[in-house]
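Chemist: task: produce atomic coordinates for the following.
(2 chains)
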Amino acid sequence: MERSEIVSQILAILEDVAEISPEDVTEDSVLMDDLDLSSMEILTVVADLEETFGLRIPEKELRNFVTISDLADYLAAHAG
Amino acid sequence: MAEKIKVPAGVYDMVTRCMEQEFPDNVAIRYVAEDGKTVVEKHYREYARDIRKMVTYLKNEVPDLKGRSVVLLSRNCYEFCVASYGIILAGGVLVTLNQKKTWDELEYELGQVEPALILNDGIDYGCRAQLEAAYGPLLRPMDCYKDSTPGELTNCVDHDGLMMLMFTSGTTGRSKGVMLSERNMCSTLVTYSEVAENWITNRLPAGQELPLSHMTLLPLFHMACFVCVMSYPPAGWALNLCGDIRDFYRDLGLMHSDVMASAPMLVETIYNDYKRGRVERLNGLWDLCCSSAALDPKMLEELAANGFVVNQCYGMTETFGDGILNFTQTADHMSAVGKPDDHCEYQLDETGEICIRGNSVMLGYYKDPEATAEVIDKDGWFHTGDLGRIDEDGYYYITGRKKNLIILANGENVSPEELEHKLAVCPAVQECIVKEKSQKICAVVYCAEERQAEVKDFITECNRTLPLYKRISAVEFTAEPLPRNALGKLLRK
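Modeler: Numbers count the residues shown, from 1 in each chain, chains lettered A, B, ... in the order given. Okay, the predicted model is just below:
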């Protein structure tokens, strides 16, 4: 899948989970700071991404997700 | 409505009477199997048999277990509950640790308790290699007991001795082991049995029957949820276990749950679902037991006015989760933490600090008599660190915090000093304090204006090394040195 498609998926899920408009998000947006997401919301976003992309992200990877770009990088490398 | 719950005399009584005689055919534990679809049900009969197996296993593995620590390092699972009872009834000291902590913290806590064994779920949370290198020969899988024979149980628990250790954030950086006894547990069970009888059972929604089920999403290593492992068997009710927040809606959808112990962040999540018309995904959840930090009373009022029952609990690890409870469903006292019951004594000391005295107050902090003496005075009053006031109706309200600790919406306690030490490493940071702002962790940094970007990058990188709940999510810069008191100490307000 193209990286741009992955980012659009992330933005769509963010909008659904936390009602954040895609226009307010860039790849550099920090999940907890810029986007003001709680850890519960971040994990809900991750769960929805896992379902969308049909994968399970290992526990120890979760703490690496600080920005939108981190999520997109991981999915680009691991989603089939 | 409900039959009177018979509060057990101790852990032995809980297994041999509540589980094996009173409720052997009730469901004790539910969880979703590996396939993500099938719900597994364990009845109290099987639960008790597995506890007996665990006792046999531990006694064989560690013949001199009496008084030694066995650590649980695992996400929520059935075996966690089995082991909690098994360790205590094998004569060991139960220690529950947060498996998601950094190795630096885990290494310290493991070093403190000198474990005889560590039961763990095998998942790499980021420091699996260090754990194996340091403690490899002591590691056992959570289901290590499965091939053992169910053994005889004896009531070997010293009612006033050290039964379990649970760690809580220290105010000066390092965490502290809270020493708890069986007497502490039983005292709390009196309170929670009354909650079940008088408050939850008498408010059943139409069509809802007993026994009830509890969605166990908060981590079991934490007192807010661990207390359910001990308080549900006397009623014959069930725990529905969720091992990973990512599976929350899936598991809630597969396992109808009546009650959920909830940190404020979870209550807000439920509230958002309600506001956005997504109540169906909650699958009939109706009772929220809120604890760990203060909640927005307006939100609670709205939930209460729309079919939810809201219980607020002000308790702490140091009192085995016991404390002040608030069952009000109306606006007048929604912002209170509640009204003390008569199981413990409560008072405000001369500084306005809330103090508790009674059977639920811990034995002390592990290997730290000085810290113990700071919080338990000569008359036995435990000083909570929270400042309060009492209104004319006897309701307690939290007005501030005396100890330097951030308590967040997810219920986690975070030591500001620990994070300040991390930030001090950044060459651009001249001074900093870490504080709570709108329930988030905020760093206030004094540095040269042209170096602000450097500090921001440093914090972003620093956050990558921290568990989600400890991340610094806001930064404020100041061009002036931070205010200090007469002794030169940084002011936190």
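
Chemist: give me the residue ranges of chain B where confidence is low.
Modeler: Applying pLDDT under 70 to the predicted model, the residue ranges of chain B that meet it are B:1-3, B:170-173, B:486-489, B:493.

Chemist: the helices in it, which residues?
Modeler: Across chain B, reading from the start of the chain, the helices by DSSP state H fall at B:11-13, B:44-61, B:78-89, B:103-113, B:128-135, B:182-194, B:223-231, B:248-254, B:264-275, B:297-305, B:369-375, B:416-423, B:452-464.

Chemist: alpha carbons only: can I get the fifth one in CSV?
Modeler: As requested, C-alpha coordinates have been extracted for helix B:128-135 and formatted as CSV (Å, rounded to 0.1, in the frame of the first residue of the first chain):
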residue,chain,number,x,y,z
ARG,B,128,12.5,-8.9,28.1
ALA,B,129,16.3,-9.4,27.4
GLN,B,130,17.3,-7.7,30.6
LEU,B,131,14.8,-9.6,32.6
GLU,B,132,16.0,-12.9,31.2
ALA,B,133,19.7,-12.0,31.7
ALA,B,134,19.1,-11.0,35.3
TYR,B,135,16.5,-13.5,36.5
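
Chemist: give the contact list for B:Phe80.
Modeler: By C-beta atoms under 8 Å, 6 or more residues apart in numbering or on different chains, the residues touching B:Phe80 are B:Leu72, B:Ser74, B:Met142, B:Leu220. Where you see a C-beta, it was placed from the backbone N, CA and C, and this is true even at glycine.

Chemist: would a markdown table of the residues you listed with distance to A:Glu23 and neighbour count be doable?
Modeler: As requested, the contacts of B:Phe80 are exported to a markdown table (distance: C-beta to C-beta, whole Å; neighbours: other C-beta atoms under 10 Å in any protein chain shown):
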| residue | distance to A:Glu23 | neighbour count |
| --- | --- | --- |
| B:Leu72 | 46 | 26 |
| B:Ser74 | 42 | 24 |
| B:Met142 | 46 | 20 |
| B:Leu220 | 41 | 24 |
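
Chemist: show me the two of the residues you listed that sit farthest apart.
Modeler: Using C-beta to C-beta, the two most remote members of those are B:Met142 and B:Leu220, lying 11.6 Å apart.

Chemist: residue of the stretch 51-200 of chain B nearest chain A, please.
Modeler: The nearest approach of the stretch 51-200 of chain B to chain A comes at B:Gly126, 4.4 Å away (C-beta to the nearest C-beta).

Chemist: excluding covalently adjacent residues, which one is nearest to that residue?
Modeler: Spatial nearest neighbour of B:Gly126, chain neighbours left out: A:Lys60 (4.4 Å); criterion: C-beta to C-beta, 6 or more residues apart in numbering or on different chains.

Chemist: so A:Ala79 makes contact with A:Arg3?
Modeler: No - applying C-beta atoms under 8 Å, one finds A:Ala79 not in contact with A:Arg3, separated by 10.5 Å.

Chemist: ok, now which ones touch B:Cys462?
Modeler: The contact partners of B:Cys462, taken as C-beta under 8 Å, 6+ apart, are B:Lys422, B:Leu423, B:Cys426, B:Ile472.

Chemist: what's in contact with the helix or strand in which A:Val17 is found?
Modeler: Taking DSSP states H and E as the definition, A:Val17 sits inside helix A:3-18. With C-beta under 8 Å, 6+ apart as the test, helix A:3-18 has contacts from A:20-22, A:25, A:27, A:35, A:37, A:41, A:44-45, A:48-49, A:52-53, A:68, A:71-72, A:75-76, A:79.

Chemist: what about 6 Å?
Modeler: If you take C-beta atoms under 6 Å, 6 or more residues apart in numbering or on different chains as the criterion, helix A:3-18 is touched by A:20, A:22, A:25, A:37, A:41, A:44-45, A:48, A:52, A:71-72, A:75-76.

Chemist: strands - which of those residues land there?
Modeler: Within those, no residue falls in strands by DSSP state E.

Chemist: possible to save these as CSV with neighbour count, pLDDT and distance to chain B?
Modeler: Converted to CSV, the contacts of helix A:3-18 look like this (neighbours: other C-beta atoms under 10 Å in any protein chain shown; pLDDT from 0 to 100; distance: C-beta to the nearest C-beta, whole Å):
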residue, neighbour count, pLDDT, distance to chain B
A:Ile20, 18, 91, 13
A:Pro22, 12, 93, 18
A:Val25, 18, 92, 16
A:Leu37, 22, 82, 9
A:Glu41, 21, 87, 8
A:Thr44, 21, 91, 8
A:Val45, 22, 92, 10
A:Asp48, 19, 93, 9
A:Thr52, 15, 92, 13
A:Leu71, 25, 93, 13
A:Ala72, 18, 94, 16
A:Leu75, 22, 95, 15
A:Ala76, 14, 93, 19
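
Chemist: and B:Glu20, how many neighbours?
Modeler: Burial measure for B:Glu20: 18 neighbouring residues, criterion other C-beta atoms under 10 Å in any protein chain shown.

Chemist: the spatially closest residue to it that is not a sequence neighbour and B:Met230, how far apart?
Modeler: In space, B:Glu20 comes closest to B:Ala48 once its chain neighbours are excluded; the distance is 4.8 Å by C-beta to C-beta, 6+ apart. The gap separating B:Ala48 from B:Met230 is 14 Å, by C-beta to C-beta, to the nearest Å.

Chemist: which one of the two is surrounded by more residues?
Modeler: With neighbours defined as other C-beta under 10 Å, B:Ala48 and B:Met230 compare such that B:Ala48 has more, 25 against 21.

Chemist: in this model B:Met19 seems to touch the more buried one, though I could be wrong.
Modeler: Yes - with contact taken as C-beta atoms under 6 Å, B:Ala48 and B:Met19 are classed as touching, separated by 4.1 Å.

Chemist: how about the residues of chain B that lie near chain A?
Modeler: If contacts are counted using C-beta under 6 Å from any C-beta of the partner chain, the residues of chain B sitting beside chain A are B:123-126, B:245-246, B:265, B:269, B:410, B:460, B:463-464, B:468-469, B:471, B:473.

Chemist: settle this for me: B:Leu72 is touching B:Thr96, isn't it.
Modeler: Yes - counting by C-beta under 6 Å, B:Thr96 is a contact partner of B:Leu72 at 5.0 Å.
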